[in-house]
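**Student:** Build me a model:
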Amino acid sequence: MSTRTLTFKQVTFHFTSKGSGPTIIFLHGFLENKEMWNGIINGLPTALRKITVDLPGHGKSGNIGYIHTMEEMAEMVKALVDKLKLKKVFLAGHSMGGYVALAFAEKHPEMVKGIILMNSTTRADSDQKKKDRDRAIQLVKNNHKSFIRNAIPHLFRPKNRRNMLEHVNHVKAEALKTSKQGVIAALEGMKIRDDREVLLHFAPYPFLFIAAKNDPVFPFEVLEDQLQANRVTPCITENGHMAHLEDFDTVLPAMKKFVREN
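**Tutor:** Residues are numbered from 1 along each chain as shown. Below you'll find the predicted structure:
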């Protein structure tokens, strides 16, 4: 797929578009970039339009400021939707990308066909999580590459850190492309994001909620009640935070079914 560019707030953003038909915009997580979706995209039908984008400060995209709020990232996605003249889209977000999808959907519900949340949550950071973010910011300021090298393996289920070492190393190499400012701006933005759990109950669009039993970032018991919301189709996987890699054979069919039925 050839990469195209979008200018938003005088900053250049990079995206790809493949296929035609109902459209899914894929939003990567923290320390990731649009490349994380390659396996999923290659497994989806050609009769779907698959769009990936590097969010602010990630991949090849520039930084907007010192804090990248979820709302601001969502407005960049809206600028992309407008550029491509799209009317209604599915949004698929991994972790931080899920927060961006929710921010977009809250402000532009008429443009959303459905949301796929993968290894994410609709809730705001707890007080403890906010403190953890502040500690992470200090580590990044001291040595952001060391922070990334240490953080990535812990996204995988412990046994997969060994069994999937090639994947771990690839994710780490991609993460190291993230600028120090991009890492800090995302941490600051995630720390102050709004709680959007109400969308699971009252939104006019459906959710596919992919949650992992052994996710080191989001303990499964914290997500269980979100999975029971009336607008949610749950998809429960067995491994860690990287479901698109660790549970590919569960995630891909669930995504296909969700898009086909909605």
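**Student:** Residue 252 against residue 40, yeah?
**Tutor:** Yes - with the criterion set as Cβ atoms under 8 Å, residue 252 and residue 40 qualify as a contacting pair; they are 6.2 Å apart. Any C-beta I mention is one placed from the backbone N, CA and C, and that applies to glycine too.
**Student:** Between the two, which has more neighbouring residues?
**Tutor:** Each of residue 252 and residue 40 had its neighbours counted (other Cβ atoms under 10 Å), and the higher figure belongs to residue 40 (23 against 16).
**Student:** wait, is that one part of a helix?
**Tutor:** Yes - secondary structure of residue 40, determined by DSSP: H, G, I helix; E, B strand; the rest coil: located in a helix.
**Student:** pLDDT score for it?
**Tutor:** Reading off the confidence values, residue 40 has pLDDT 97.
**Student:** residue contacts, the closest residue to it other than its chain neighbours?
**Tutor:** What sits nearest to residue 40 in space, not counting adjacent residues and going by Cβ to Cβ, 6 or more residues apart in numbering, is residue 244, at 5.6 Å. Residue 244 sits next to 36, 37, 39, 40, 94, 118, 251 when contact means Cβ atoms under 8 Å, 6 or more residues apart in numbering.
**Student:** between those residues, which has the most around it?
**Tutor:** Looking at these with neighbours defined as other Cβ under 10 Å, the largest count falls to residue 118 at 30 neighbours.
**Student:** Beta-bridge partners for it, please?
**Tutor:** Note on residue 118: beta-bridge partners by DSSP bridges are residue 94, residue 210.
**Student:** What score does it have for pLDDT?
**Tutor:** Looking at residue 118, its pLDDT is 98.
**Student:** That one contacts residue 207, correct?
**Tutor:** No - counting by Cβ under 8 Å, residue 118 does not reach residue 207; the two are 11.0 Å apart.
**Student:** Quick check, residue 40 in contact with residue 250.
**Tutor:** No - using Cβ under 8 Å, residue 40 and residue 250 do not qualify as a contacting pair, with a distance of 11.9 Å.
**Student:** Look at residue 24 and tell me its secondary structure.
**Tutor:** In terms of secondary structure, residue 24 is strand; the call rests on three-state DSSP.
**Student:** Could you do residue 90 as well?
**Tutor:** Look at residue 90: counting by three-state DSSP, its state is strand.
**Student:** can you give me how far the longest helix along the chain is from the chain middle?
**Tutor:** Secondary structure of the chain per DSSP state H: the longest helix is helix 127-151. Between the centre of helix 127-151 and the centre of its host chain there is 19 Å, according to Cα atoms, centre = their mean, to the nearest Å.
**Student:** Could you do stretch 160-178 as well?
**Tutor:** 17 Å.
**Student:** ditto for stretch 239-253
**Tutor:** Distance, centroid of stretch 239-253 to centroid of chain: 14 Å (Cα atoms, centre = their mean).
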